[in-house]
Structure formats: C-alpha cells, structure tokens
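**Q** Sequence unavailable; structure follows:
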C-alpha cells in the first residue's frame, strides 16, 4: 500500500537548479566579503526548506565501511558490487528466503519522498529520495504474529570495503526498528536520489530511511532483514550504549553525551552559515509522536 | 658531511620569520578555501579540524626538536620558537572557528566548555599554551631568567597530552589516527625522562 504519506515538501519547494547555483555563488561571494560581520544575526527557524544539491548529498557521507572521513565513501565506494544483489529475509515471516533486488522491486511502487535528514553529529540535509514503503515489502513476506522488531544488516565485504580492516565498529553494521516504526508510512527503503539510482556511498542499491531518527539508524546497503520478537543488537548501541540508544529519535531536548543536539548545521550554507534549531522528531512530530505515547524519551533515547 | 649536517646547514639558512610567513599564509589560504568551496560542502567542520590538526602537528615537531638533536644529531633549535608560536596561533584559529563559526552562541560556547569533557580538556590545553605564547620572546627570557623560563615552558607537555586526549575523545567509534597521535605524543615525552635516569645511574 504505497503513497500513504504525502510530504508537505513538493517540487514547488525546490529551487530551480540555475537559480540555486547563482544564489550559492552570490552567498559565497558576500560571505567572503562580509566575513564575521554576518555572525550575530538570530538563528532562523526551519521554515523554508530546499533540498541539498546532488554534490552535497553524494560527497559528504558517513559510511565507515569505506573510511571514517566524510569524503572517503565517495572516493572509495565505487568498489562495491551492487549487481547482482540479494536480500535475505528471515525470522518470523511466512515467506522467508533470499530475494533478488529485481524481485523486490517488481513487487513495490517507487515514489519520491523529500525528507529532512539529521545526523547524530548535528548536521543536516534535505534529500529527495526515491523509494518504497518498507511496510509494502514486509506485507509481501508476511509478518507473523508475535514479531515485534525488525533487524537489518549491511553487506560485509572486506575485499570491497577498505574501512572494515579497522574495527571502528563490530562489523557487519546492524540496525533495528520496532515493528510499528518499520510499518510507519514515513519509513522507506530508498533506491534513488533525484530520480537517479542511489550512489554506492549513499547505500546502494537499497537502504533504509527513517526521517525522524538520527541518520545512523537509516542503515545502508542492506543484505538481511530479520523479523524477531526481541530488541535486536544495533552497531552504535553496541559500541557505546550511553551515547547511542536503540530509539535514537531526533530530540533537541536530549543531548548526546558529548555535544548538544538542540541545533544543527545545514549542509550547503558555506563557512558563515547560521545554525538552525533542531526540531522534535526532526519535524515529523505530528506523524510519529503517537508511536511513543507514555514513553520517557530521555530514558529511551 | 653527513646527512644530518647537510640538513643542519640548510636549516640555519632559513630564518624563523620565514616560517611565520609560510604558516600565516597557509592558515589564510585554508580560510580562503573554506570561504570559496575548496574545503568541500561542509567547510566549518573541515576548517576547524584542519586548524586543529596542523596545530597538533606543529606542537609535535616542536617537541621532537630536543630528541632529534640528542639522538639523531639534527639541529632544528633555531626553528623551535617559530614552531611553538605557530602552533599556538593555529590552536587559536581552531578555537575561534569552533566558537564563532561552529557553535556561534556565547551561552552555548560556555555550556560546551563546562559540560562537555572533551571540550573542557581541549580548552585546558589551550590555556596552558597562552603563557608560553606570551613569553616567547627574548625580553621575557631575560626578565624571567633562563631557569624559570624553561620551567614555565614545560607546560607544553601537559598541553600536548591534553590535545591528544581531546582528539581521541572527540571521534566516534574505534579510530586509529587519534591513537597514533597520542602514542607519538607520549613517546616524545618519554624521551625527556630517559637521559636523566641514565645520568643518575
């Protein structure tokens, strides 16, 4: 059942590319001239959103399997073989098995979703994803009664991923959602950006996007999906449970142990960009707050 | 003439002020790159990290001057003041980019310094360097006397350790690079203790 979510952001919100580039050049020029004179204005609310450029979205990435530097993934991820690709779907499902990428895509409807993307490191972008609702795939494989969580796993290929030689995390990368989060209409599997195939550094050929959670929850290059009745172990939580909770919902009121989460840097504003306030659930409070009714969000961070 | 002697002769031909010019020009060049898109799509973080890392590298080269002279016969002594002062200015630039361009709000800057241990530690290292920068001139050496000047300038040891811990603490996950910097820092400090022990024995 696709198209259950209608973004308030549409192509009308997108600045035409030629205007966008012009504005960028003007901003860079005046920024360099005015210098610190720009600093001191008040932070603007996130009322006007414009999607980031293809270059911004595809050259500033966290994908530690290809290195910990922001430009490492765009430099190194070309080695990842994304075709053929298969996803093993197992656990508490009626139709477990290995599904090829083509098979999965044949059974779903791809639509465009322009979402805010907020990294736990306090930077953010707006990304025009193409993808399908995860709920559609889960419906197809048949979630059994009693399943309460969905676990995901990224490919682990030492031959193709130079970053996994260092135990930055306990590879393979793992993530998980509660079943109701996974079934939520906002939750998608992205296979494209700006109408083009998703680049390797952004998680080709298929990645999760959960826009109200910090970016690391949106696991890339998925090879396994497991339905389970127990909260699955997740990579960043395993590495440092005090800093990265299972839920990791974007929440300006709950700081990371090492930095504040109450504001963020929008990528693309240049050297003199103002920080903008971070929104509760990354601006999707209306859509998802009810999932957490009665939960203490500072306990379940 | 040995390789070390050749280098020593070459080093003597390059005066300290030339290093200041090169250092300042490099810092300004990086700022220009950041302002014009040359440091990638997120220049604030990039510039902050570049300045911080250059400062740390200069500090380590400065700390290597003595062991290089003692164990390798390489004499960079005439550059040491310039290395130290440049390190200080890159730390200052790192701090200013962080405070003015990154965090931006005075209340948030103060909150970070008192609440976030890795920021506190970095700040402590910066504070250690201030008296050293202020006294990095011949007049101060004369006024203080060589012995107490040298004693004061041992503050560079805690400053380097604090800088290394600051770097180790701020990265996510297990990463090698900051640990390598910490190891080099500790190794350079360890060279300070060995010769003294040998003399006592």
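**A** Noted; the coordinates are in hand. All values reported here derive from a predicted model rather than from experimental measurement.

**Q** Mind pulling up the pLDDT for the closest residue to residue B:128 other than its chain neighbours?
**A** Of all residues not flanking residue B:128 in the chain, residue B:159 sits nearest, at 3.8 Å (CB to CB, 6 or more residues apart in numbering or on different chains). (Each C-beta comes from the backbone N, C-alpha and C, glycine too.) Per-residue pLDDT puts residue B:159 at 98.

**Q** Quick check: the residue positioned nearest the centre of chain B vs chain A, distance?
**A** Most central in chain B under CA atoms, centre = their mean is residue B:59, positioned 2.8 Å from the mean C-alpha point. Distance check for residue B:59 against chain A: by CB to the nearest CB, to the nearest Å, it reads 22 Å.

**Q** Name all residues that make contact with that residue.
**A** B:83-84, B:87, B:156, B:159-160, B:163 (CB atoms under 8 Å, 6 or more residues apart in numbering or on different chains).

**Q** ok, so of those residues, who is nearest chain A?
**A** Nearest to chain A among these is residue B:163, at 16.7 Å by CB to the nearest CB.

**Q** Go ahead and list the helix or strand containing the residue nearest to the centre of chain B.
**A** Assigned by DSSP states H and E, residue B:59 belongs to helix B:43-67.

**Q** What is the neighbour count of residue B:185?
**A** 22 (other CB atoms under 10 Å in any protein chain shown).

**Q** ditto for residue A:140
**A** By other CB under 10 Å, the residues close to residue A:140 number 17.

**Q** Who are the packing partners of the helix or strand hosting residue B:162?
**A** Secondary structure assigned from DSSP H and E places residue B:162 in helix B:156-170. Applying 3 or more CB pairs under 8 Å, 6 or more residues apart in numbering or on different chains; DSSP states H and E, one finds that helix B:156-170 makes contact with helix B:43-67, helix B:117-134, helix B:176-200.

**Q** Just say which of those helices is most tucked in.
**A** Highest mean neighbour count among the helices and strands packed on helix B:156-170 (mean count of other CB atoms under 10 Å in any protein chain shown): helix B:43-67, with a mean of 21.

**Q** so that helix versus helix B:156-170, what angle?
**A** Relative orientation of helix B:43-67 versus helix B:156-170 (axes from the mean of the first three to the mean of the last three CA atoms, to 10 degrees): 140 degrees.

**Q** Run the chain-centre distance for helix B:43-67.
**A** 5 Å (CA atoms, centre = their mean, to the nearest Å).

**Q** Next, the angle helix B:117-134 makes with it.
**A** Inter-element angle recorded for helix B:43-67 and helix B:117-134: 60 degrees (by the same axes, to 10 degrees).

**Q** what's the helix or strand just after helix B:43-67 packed up against?
**A** Downstream of helix B:43-67, the next assigned helix or strand under DSSP H and E is helix B:77-96. With contacts taken as 3+ CB pairs under 8 Å, 6+ apart, helix B:77-96 sits against helix B:3-13, helix B:16-35, helix B:43-67, helix B:117-134.

**Q** which residues are in contact with helix B:77-96?
**A** Contacts for helix B:77-96 (CB under 8 Å, 6+ apart): B:11-12, B:14-17, B:19-20, B:23-24, B:27, B:48, B:51-52, B:54-56, B:58-59, B:61-62, B:65, B:69, B:76, B:123, B:125-126, B:129-130, B:132-133, B:136, B:156, B:163.

**Q** quick one on the thing from earlier: relative to helix B:16-35, how tilted is the helix holding residue B:59?
**A** Relative orientation of helix B:43-67 versus helix B:16-35 (the same axes, to 10 degrees): 160 degrees.

**Q** how much does helix B:43-67 deviate in direction from helix B:176-200?
**A** 20 degrees.

**Q** Give me the mean pLDDT for helix B:43-67.
**A** Averaged across helix B:43-67, pLDDT comes to 97.

**Q** Show me the strands in the stretch 151-300 of chain A, by range?
**A** Ranges of strands in the stretch 151-300 of chain A, per DSSP state E, counting those that start in this stretch, are A:174-178, A:188-193, A:196-197, A:207-209, A:222-228, A:263-266, A:276-277.

**Q** of all the ones you listed, which lies closest to chain B?
**A** With respect to chain B, and counting by CB to the nearest CB, the nearest of the strands of the stretch 151-300 of chain A is strand A:263-266 at 6.4 Å.

**Q** hmm, the lowest-mean-pLDDT helix or strand in chain B in reach of chain A?
**A** Of all regular secondary-structure elements in chain B, judged by mean pLDDT, DSSP states H and E, the least confident is helix B:176-200 with a mean of 84. Yes: on the criterion CB under 8 Å from any CB of the partner chain, helix B:176-200 is in touch with chain A at residue B:176.

**Q** contacting residues around that helix?
**A** With contact meaning CB under 8 Å, 6+ apart, helix B:176-200 is reached by A:166, B:56, B:60, B:63-64, B:66-67, B:70-71, B:157, B:160-161, B:163-165, B:167-168, B:170-171.

**Q** Is the nearest residue to residue B:134 once chain neighbours are set aside in a helix, a strand, or coil?
**A** Closest residue to residue B:134 apart from its sequence neighbours, by CB to CB, 6+ apart: residue B:140 at 7.3 Å. What DSSP: H, G, I helix; E, B strand; the rest coil gives for residue B:140 is helix.

**Q** For residue A:278, which non-adjacent residue is spatially closest?
**A** residue A:252 (4.2 Å).

**Q** Kindly tell me how buried that neighbour is, as a neighbour count.
**A** Neighbours of residue A:252 under the rule other CB under 10 Å: 16.

**Q** Now it: phi and psi?
**A** Phi and psi for residue A:252, reported as degrees, to the nearest 10, are phi -60, psi -20.

**Q** Quickly note the distance from it to residue A:177.
**A** According to CB to CB, to the nearest Å, residue A:252 and residue A:177 sit 22 Å apart.

**Q** same question, residue A:219
**A** 10 Å.

**Q** tell me, what's touching these two both at once?
**A** Each of A:152, A:208 lies in contact with both residue A:219 and residue A:177 under the rule CB under 8 Å, 6+ apart.

**Q** So residue A:125: helix, strand or coil?
**A** For residue A:125, the secondary-structure state derived from three-state DSSP is strand.

**Q** So it is in contact with residue A:264, correct?
**A** No: when contacts are counted by CB atoms under 8 Å, residue A:125 is not listed as touching residue A:264 (9.9 Å).

**Q** Contacts only, for residue 162.
**A** If you meant another chain, say so; for now it's chain A. Taking CB under 8 Å, 6+ apart, we find residue A:162 in contact with A:66-67, A:76, A:79.

**Q** Sorry, I should have been clearer: chain B.
**A** Here residue B:162 is in contact with B:121-122, B:124-125, B:128 (criterion: CB under 8 Å, 6+ apart).

**Q** do residue A:281 as well
**A** A:212, A:249-251, A:287-289.

**Q** Quick one: buried ones out of these?
**A** Buried members of these, counted by 16 or more other CB atoms under 10 Å in any protein chain shown: A:212, A:249-251, A:288.

**Q** Done for today, thanks.
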